[in-house]
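J.: model the following, please.
(one chain, ligands or ions: 1)
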Amino acid sequence: MTDLILAFDFGGTKHTAGLIERSAHTWLAQKQVTSPPGADGAYDIATMLGLGRDLLAGARPAAVGVSFGGPVDYATGTVRLSHHVPGWENQPLRRLIETEFGAPTNVDNDANVAAVGEHRFGAGRGCSSLLYITVSTGVGGGWILDNRSWRGRDSMAGEFGHIMVDPLGPDCICGSHGCVERLAAGPNIALRAREWLVAQPERGAILRGLVGGDVSAVDGKAVAQAAAQGDELAWDALAVSARALGQAIGSVANLINPERFVLGGGVTKSGDRYWETIRATARAVAMPEVHFDLVPAGLGDYAPLWGAVAIADQPPA
Ligand SMILES: [Zn+2]
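T.: Model (predicted):
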């Protein structure tokens, strides 16, 4: 009897497939491809099914787990849409994969799947409740409550990025304003730094130097690097992000009282001062009786793929 688990991670442009034996902690094989510009949902699905066939080499998996970078209806395994790639609207991804590989399949959005991955294999091991938060080009979240995924009525639970932390803040893509994502995500840190560099010509010498004086070339990474080298304008731009995260974490801690917050994504690599600011803000917002750990993610970019392994065997919703 086969005991192979096939795992898929549909990222925005990067697609990864992995094959592993059930209960193992090392991959038998992995393949990754980057979509060419202009690729659509149909292209991505065909590519991923091809990767799966290559890895299996004729074998049949016991189960398949799928992480998708966008909203998914977990009960039916249908992708609602992709915010980055056209042609994903209402794709019955679970049915397509079950038909191809003849194995039971579970599909969930990447933040939920990464939460499961961190809980089973990473920084969330041993705790029964956690909120996984990813801070990169956007801000997402996924819940584990009582050792299970919590998706909510519309599979929309964990939209941590769209908690409003500044009622007077800038407009957000979700239709609201002053959201955590609008203040904390990498592109928004960079946008803020660029605006300040233009408005405050006497500040930001280190950051200006890093981009050779070309303010339009400032990205999130440059801001973090300049802040680490002591540039105060860069640090101020980063601190807005850290305080927004901390404020929302403190409020969420008061509401749900989870054991742990696990933070991943490129922006969270912005150094000790960034983490200290998140922790201090969260601590100041949370009630004194509310306790929590705030820790870096353990699986990095591979949290969704490991999570896909873990959800492959999950019972249906
Ligand atoms: Zn929003």
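J.: in which helix or strand would I find Ile97?
T.: helix 93-101 (DSSP states H and E).
J.: next secondary structure after that helix?
T.: Counting by DSSP H and E, what follows helix 93-101 is strand 105-109.
J.: direction included, what does that next one pair up with?
T.: Each strand paired with strand 105-109, and its direction, by DSSP bridges: strand 63-68 (parallel).
J.: Three-state assignment for Glu289, please.
T.: Under DSSP: H, G, I helix; E, B strand; the rest coil, Glu289 falls in the coil class.
J.: phi and psi next, for it.
T.: Torsion angles at Glu289 (phi, psi; degrees, to the nearest 10) stand at phi -80, psi -10.
J.: and what of Ile311?
T.: phi -80, psi -10.
J.: ok, it - how many residues close by?
T.: 25 (other C-beta atoms under 10 Å). All C-beta spots, glycine's among them, are computed from the backbone N, C-alpha and C.
J.: tell me the pLDDT of it.
T.: pLDDT for Ile311: 96.
J.: ok, now how distant is it from Gln32?
T.: 20 Å (C-beta to C-beta, to the nearest Å).
J.: mind listing what Ala297 touches?
T.: The neighbours of Ala297, taking C-beta atoms under 8 Å, 6 or more residues apart in numbering as the test, are 114, 118, 122-123, 132, 134, 262-265, 268, 303.
J.: tell me, which of those make contact with the ion?
T.: Contacts with the ion are made by none of these, judged by C-beta under 5 Å from the ion.
J.: how about the helices in the protein?
T.: Chain-ordered helices for the chain, with DSSP state H as the definition, fall at 41-56, 93-101, 110-121, 180-184, 186-199, 205-210, 220-228, 232-256, 272-285, 303-312.
J.: out of these, which is closest to Gly69?
T.: helix 110-121 (4.8 Å; C-beta to C-beta).
J.: pull the CA atoms of that closest one into PDB?
T.: C-alpha atoms of helix 110-121 as PDB (Å, rounded to 0.1, in the frame of the first residue of the first chain):
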ATOM      1  CA  ASP A 110      -1.700  29.800   2.200                       C
ATOM      2  CA  ALA A 111      -1.900  31.600   5.500                       C
ATOM      3  CA  ASN A 112      -4.200  28.800   7.000                       C
ATOM      4  CA  VAL A 113      -1.900  26.100   5.600                       C
ATOM      5  CA  ALA A 114       1.300  27.900   6.900                       C
ATOM      6  CA  ALA A 115      -0.300  28.100  10.300                       C
ATOM      7  CA  VAL A 116      -0.900  24.300  10.200                       C
ATOM      8  CA  GLY A 117       2.700  23.800   9.000                       C
ATOM      9  CA  GLU A 118       4.200  25.900  11.800                       C
ATOM     10  CA  HIS A 119       1.900  24.200  14.400                       C
ATOM     11  CA  ARG A 120       2.900  20.700  13.300                       C
ATOM     12  CA  PHE A 121       6.500  21.100  12.200                       C
END
